[in-house]
Structures are given as C-alpha cells and as structure tokens.
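Q: Generate coordinates for the sequence data below:
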Amino acid sequence: MDTRPTPPRKPPLTTGQIVETFTGFFHDRGHRFVPSVPLVRPPGDPVLFTTSGMHPLTPYLEGRPHPLGRRLVNSQRVLRTTDLDEVGDPTHLTVFQMLGSWSLGDYGTEQSLRWGYELLVDGFGIGPERLHATVFGGDDQLGPDTRSLQTWRDLGVPVELTGQDNWWSNGPTGPCGPDSEIFVWTGDTPPQGTPTGDDRWVEVWNHVMMRYRRLDDQSLQPLARPGVDTGMGLERLVMVLQGRPSVFGIDLFDPWRQALLWQLDGAEWRIVTDHLRSAVVMIADGVRPAANAHGYVLRRLLRRVLTTLWRHDPDHTLADLPVELIEGTLGHFGQQCPVEEVREVLLSEQHRFAGMLRRGRQVLSRPRFSGPLSEEDYGCLHDTHGLPRELIDMLRQESVAGK
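A: Numbering: from 1, shown residues only. Take a look at the predicted model:
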C-alpha cells in the first residue's frame, strides 16, 4: 500500500494568470502584442462595435503589411449585440475579452493547431483526453479540410467533420476559409459523444484558416498570402479552467458577488451585473446614452438594469453601485476614465428614465390608449410624447400585471 502523502492540488489559474499565459506563450514564439482598440469603430466601418479581435485586423488579413510584423497576439475587449436577449443565462456576456493570435502569411494550419494543442495541454493543464475538434467536412465547392484533419489525427485528438459550422466568413464577400474549433469536455463522466451531440463539450478556441476571398459571384479566389486567425473567449476559457458551471462563477465576478448591495437572484443578478459592467466599459470608450446607434445600445442596457431593480424596490438607485466595482472594471479592461464621469452618466440616464416612466404612465392612463394600440397610436405616443415603442409595451404590461 502506498503511504506517501498525496501532493497538494494546485489552485486554478486566475483570470490574470490565464491572460499572461496565453500572451506569453505566443510572445515566446515570435508574436508581437497588439494593443486593444476601443469598442467604438471609426467612421466608415459597417458595424457599430468591435466584435472580435480580428475585426481591427481585417485589412492585414487581406494582405496589407502590418507594422508589427506577421505574427501577432492580443487581448481585445469586444461587444456583441446579437446575443443581447440571451444575457441572463449562465454563458452569455455583452462585453467580454477575446484572446487572439494571428499569422499574416507566415505559418499555416499545422503549426497553429499544434501550438493550440500545446498551450491547452502543457500551458493550461487540460488533459488531452478531454479534447475534441471539429473540422470542415466539405461542401459543393470544396472538399474536406484535410490539413486540419490530419494534424488532429497525428496529435491523437478525435475529430468530428461538419459543414458550414466550420466555415468562417466576414460577410457575403471578402476573406474566408475553413475553421477548426477545439472543445473541452466539462461533464462529470468520462468524455463521450461528439461536440454537435452533447453540450458538455464546450468550445474554447477557433482556428480560422484564412485561405480564400469570396467574390461577388460567390466563387472562391485563393488568397495570395493565406493566414491564420484564432480567437478564444477569455471568460469561457476561465470557466472551463476553474471548473465553474457559469462564466459568472469565475474569479472575475467575485467582487460583484461580494459588493453588489441589491438582493437579486439567478438571472436577474446576472443581467444587472453584465449590463452594468458593459455600461462602464462603453462609457469609458466614449459612448453616451442616445436614441440611436451606439448610444441606443447603452440606453437599452441601462433601462433593463433599472427596470429589473425597480421591480424589486422603486427606491433602488445606481448611486449605490460601489465605486470599487467601477474601478475594477476599468482596470480589468485597461481603460483610463474618471470614476465620477462614469457615475454622472449612469445617474443622468437614471434620472431621465425615471421621468419618462412618470410621463408615460400619465399619458397611457388616458381613455384613448386604454384598448389595443394601433400603429397610429404608437406613432402619436412617440412623436408627440417621446415614448419609444418598447417603453410603451413595458408600461402596458406593468399596468396589466398590477390589476
């Protein structure tokens, strides 16, 4: 019988250590660090916000030389509105960080995937038996991505072939190519099934092989200088490495669990926490509440927070948001913005929204608006009284619930 003491278990890596491990790994392999850019895209960009680490690098992935060279790495704050209605579940965030690495016409598929395997297994300590990959299996234009398939087979990682789930594009035209996603098993049993058939396989990293440009006629033209673009959601990776069932359970959210004064549970706590963190980041990047564009997204987040809080207690106020949570959020995302400036924007929007609610209740109590509303009614309420449609619907639901 072995009587030797069991060595103590190493504590899981912190979020900060995970970022340092990722960027350090690629730095040691000749990658230069690209500073994070603001969430707000410059004029002329077709999208409002930076949605991925590769977004600011699109011209360089298409062939323009990058001033820092052909191997790059970074940690980029991003914002995605496509999943806004999903926030409140255990996995979706509005603003989060993307870890990324790039080969701009330098190394290719095999090297990228082998480094990915090495970092996950040796750098982060994930057992190789917990890994599974998906690879593009071909379509009516191209055959399977045999380079990715063979690399994973050589490494002993099981592979599932899929269709468009493993094809990346930047829109109907432009750079594109097959991708390979790496999944980690998070179940309590030995790994089983495949990523498309069992959601206990959690995707942590996507490697896009940027090999083609899709033309207006939908044909594919090989890129003169193919590259590799990889992206990994930091918070999801931390969730896997720290063994948490939710991104909101990782160490990054410990201060919010400890310092947030409002008594909220489950989805409501996640909504308020996510939206306030996201609002702080947006304000620090220069966004202000408005009726359209960037400002509308910020306004929508804050109104959802306030609606949630006031449902519990009309006296709740954003003035009670602890300063240390604002400071911690700014520090985590590397932003320079006075805390008081953030607070002023939050409280100003709270005051404005409270006034709109009072006015809206008064207007909607009139006999004209007691029954079903027509499009003409909605137009009148907006143009004459400044009440947006979503606010009208919310107040009417509130009125019905109160009867």
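
Q: Next, the buried residues of the helix or strand containing T23.
A: Secondary structure assigned from DSSP states H and E places T23 in helix 15-27. Neighbour counts over helix 15-27 (16 or more other Cβ atoms under 10 Å) mark 15, 17-19, 22-23, 25-26 as buried. All C-beta atoms are positioned from the backbone trio N, CA, C, and that covers glycine.

Q: Repeat that for stretch 383-401.
A: Here stretch 383-401 shows 387-388, 391-392, 394-396, 398 as buried, counting by 16+ other Cβ under 10 Å.

Q: any chance of those in a markdown table, with distance to N166 too?
A: Compiled in a markdown table, the buried residues of stretch 383-401 are given as follows (distance: Cβ to Cβ, whole Å):
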| residue | distance to N166 |
| --- | --- |
| L387 | 46 |
| P388 | 40 |
| L391 | 42 |
| I392 | 43 |
| M394 | 40 |
| L395 | 45 |
| R396 | 45 |
| E398 | 45 |
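
Q: Farthest-apart pair in the residues you listed, please.
A: P388 and E398 (15.1 Å; Cβ to Cβ).

Q: quick one: the helix holding T23 to chain centroid distance?
A: Centroid displacement of helix 15-27 relative to its chain, using Cα atoms, centre = their mean, to the nearest Å, is 19 Å.

Q: and if you look at stretch 368-383?
A: Relative to its chain's centre, stretch 368-383 lies at 37 Å (Cα atoms, centre = their mean).

Q: swap in stretch 330-342?
A: The answer for stretch 330-342 is 19 Å, by Cα atoms, centre = their mean.

Q: model confidence over it, on average?
A: Averaged over stretch 330-342, pLDDT sits at 96.

Q: got the contact list for it?
A: 15, 36, 77, 95, 97, 252, 280-281, 283-285, 323, 326-327 (Cβ atoms under 8 Å, 6 or more residues apart in numbering).

Q: Taking the centroid of the chain, which residue is nearest it?
A: F96 (4.5 Å; Cα atoms, centre = their mean).

Q: Can you report phi and psi for it?
A: phi -150, psi -180 (degrees, to the nearest 10).

Q: count of neighbours near the residue lying closest to it once chain neighbours are set aside?
A: Excluding the flanking residues, the one nearest F96 by Cβ to Cβ, 6 or more residues apart in numbering is E235, at 5.2 Å. E235 has 20 neighbours, counted by other Cβ atoms under 10 Å.

Q: repeat for the one 4 residues further on
A: Taking other Cβ under 10 Å as the neighbour definition, M239 ends up with a count of 23.

Q: do A293 as well
A: By other Cβ under 10 Å, the residues close to A293 number 11.

Q: got the contact list for it?
A: Contacts of A293 (Cβ under 8 Å, 6+ apart): L48.

Q: And the helices in the stretch 1-150 of the chain?
A: 15-27, 58-61, 109-118, 146-155 (DSSP state H, counting those that start in this stretch).

Q: same thing with the stretch 151-300 of the chain?
A: Counting by DSSP H, counting those that start in this stretch, the stretch 151-300 of the chain has these helices, from start to end: 234-241, 254-259, 266-284, 293-312.

Q: Need the CA coordinates for the shortest one. CSV is fine.
A: The reference is to helix 254-259. Output in CSV follows, covering the C-alpha atoms of helix 254-259 (Å, rounded to 0.1, in the frame of the first residue of the first chain):
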residue,chain,number,x,y,z
ASP,A,254,-16.1,37.6,-7.2
PRO,A,255,-16.1,41.4,-6.4
TRP,A,256,-19.6,41.7,-7.8
ARG,A,257,-21.0,38.9,-5.7
GLN,A,258,-19.4,40.4,-2.6
ALA,A,259,-20.0,44.1,-3.1
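
Q: what's that helix packed up against?
A: With contacts taken as 3 or more Cβ pairs under 8 Å, 6 or more residues apart in numbering; DSSP states H and E, helix 254-259 sits against helix 323-332.

Q: just the angle between the helix it packs on and helix 266-284, please?
A: Per axes from the mean of the first three to the mean of the last three Cα atoms, to 10 degrees, the angle that helix 323-332 makes with helix 266-284 is 60 degrees.

Q: List the buried residues for helix 323-332?
A: Buried residues in helix 323-332 (16+ other Cβ under 10 Å): 325-326, 328-330, 332.

Q: One more: stretch 196-211?
A: For stretch 196-211, the neighbour count (16+ other Cβ under 10 Å) marks 201-211 as buried.

Q: again, but for stretch 292-307
A: Neighbour counts over stretch 292-307 (16+ other Cβ under 10 Å) mark 294, 296-306 as buried.

Q: How about stretch 173-188?
A: Across stretch 173-188, burial judged by 16+ other Cβ under 10 Å covers 175-186.

Q: Equivalent analysis for stretch 95-109, please.
A: 95-107, 109.

Q: try stretch 154-168
A: Across stretch 154-168, burial judged by 16+ other Cβ under 10 Å covers 155, 157, 159-160, 162, 166-168.

Q: Just confirm Q221 contacts Y212, I think it does.
A: Yes. Here Q221 reaches Y212: they are 6.4 Å apart, a contact under Cβ atoms under 8 Å.

Q: Comparing these two, which shows the higher neighbour count?
A: Neighbour comparison, Q221 and Y212: the larger count goes to Y212, with 20 against 9 (by other Cβ under 10 Å).
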